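Asker: generate coordinates for the sequence data below:
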Amino acid sequence: MRVYFVTGNSMKFNEAKSILSGHGVEVVQKKLDIDEVQDKDPAKVSRLKAKLAYNVLKEPLLVEDTGLCIESMNGYPGTLVKHFFSAMGPQGLVRYLDGKDRTADAVTVVSYCDSEGNVTSFEGRTSGRISETVKAGYDFAWDVIFVPNGYEKTYSELGMKEKNEISQRSKAVRKFAEWIKQ
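Answerer: Below you'll find the model as predicted:
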């Protein structure tokens, strides 16, 4: 099976491609300039993005949206994390959370749009916390500060291979892969 993954983010594409490679799904990156609704809810953003992308491509496709939902911030920044980080950076968020609950959920919603334009969504969630300092490692968004439950290292310290085994994106993409097999 061949499906387009609509994203301009090569890191997201490479993660999804790596995860799907063992599931018989050929994934092709497609960059589209589509409007994206601004909302903290990854499910809402992902579903709407899938419909907008389908209106352009008219081909089976995947989109995803990811949010970092911090408990002490009532679920913010959610999917607005990219804008949040461009304003304050990971160090700013770490400092902002001093003395506050650092509990957070990393949430990815992958939405698949079939050849008829029907959208089905799959959520992956990894609970964890925001670290007290920015950690070294590969630099992909907030991976430098997110520590998944059961680990003492951030995603960036774990490295891409280990992260892909436990991440919210891998959970959502694997749910899609299992569903599409049926």
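
Asker: going by C-alpha atoms from here, please, whenever you check contacts or count neighbours.
Answerer: OK.

Asker: tell me where the model's unsure across the chain.
Answerer: Residue ranges of the chain with pLDDT under 70: 137-139.

Asker: beta-bridge partners for the residue most central in space within the chain, please?
Answerer: Residue closest to the mean C-alpha point of the chain, counted by CA atoms, centre = their mean, is residue 66 at 3.2 Å. Assessed by DSSP bridges, residue 66 has beta-bridge partners residue 108.

Asker: so it sits against residue 109, correct?
Answerer: Yes - counting by CA atoms under 8 Å, residue 66 touches residue 109, with 6.4 Å between them.

Asker: where do the contact lists of the two overlap?
Answerer: Common neighbours of residue 66 and residue 109 (criterion: CA atoms under 8 Å, 6 or more residues apart in numbering): 42, 169.

Asker: for the closest residue to residue 16 other than its chain neighbours, list the residues it contacts.
Answerer: Excluding its sequence neighbours, the residue lying closest to residue 16 (CA to CA, 6 or more residues apart in numbering) is residue 173, at 6.7 Å. Residue 173 sits next to 16, 19-20, 110, 122, 124 when contact means CA under 8 Å, 6+ apart.

Asker: from the residues you listed, which is closest to residue 161?
Answerer: Nearest to residue 161 out of the contacts of residue 173 is residue 19 (CA to CA; 9.9 Å).

Asker: residue 43 versus the closest one, what's the distance?
Answerer: Using CA to CA, to the nearest Å, we find residue 19 at a distance of 20 Å from residue 43.

Asker: what about the two, which has more around it?
Answerer: Higher neighbour count among residue 19 and residue 43: residue 43, with 23 against 20, using other CA atoms under 10 Å.

Asker: which elements pack onto the helix or strand that the more buried one is a member of?
Answerer: Element membership of residue 43, judged by DSSP states H and E, is helix 42-57. Contacts defined by 3 or more CA pairs under 8 Å, 6 or more residues apart in numbering; DSSP states H and E place helix 42-57 against strand 61-70, strand 103-113, strand 119-130.

Asker: next, count neighbours for the nearest residue to residue 11 once chain neighbours are set aside.
Answerer: Nearest-residue entry for residue 11: residue 140, 7.6 Å, with adjacent residues in sequence omitted and distances by CA to CA, 6+ apart. Using other CA under 10 Å, residue 140 is surrounded by 12 other residues.
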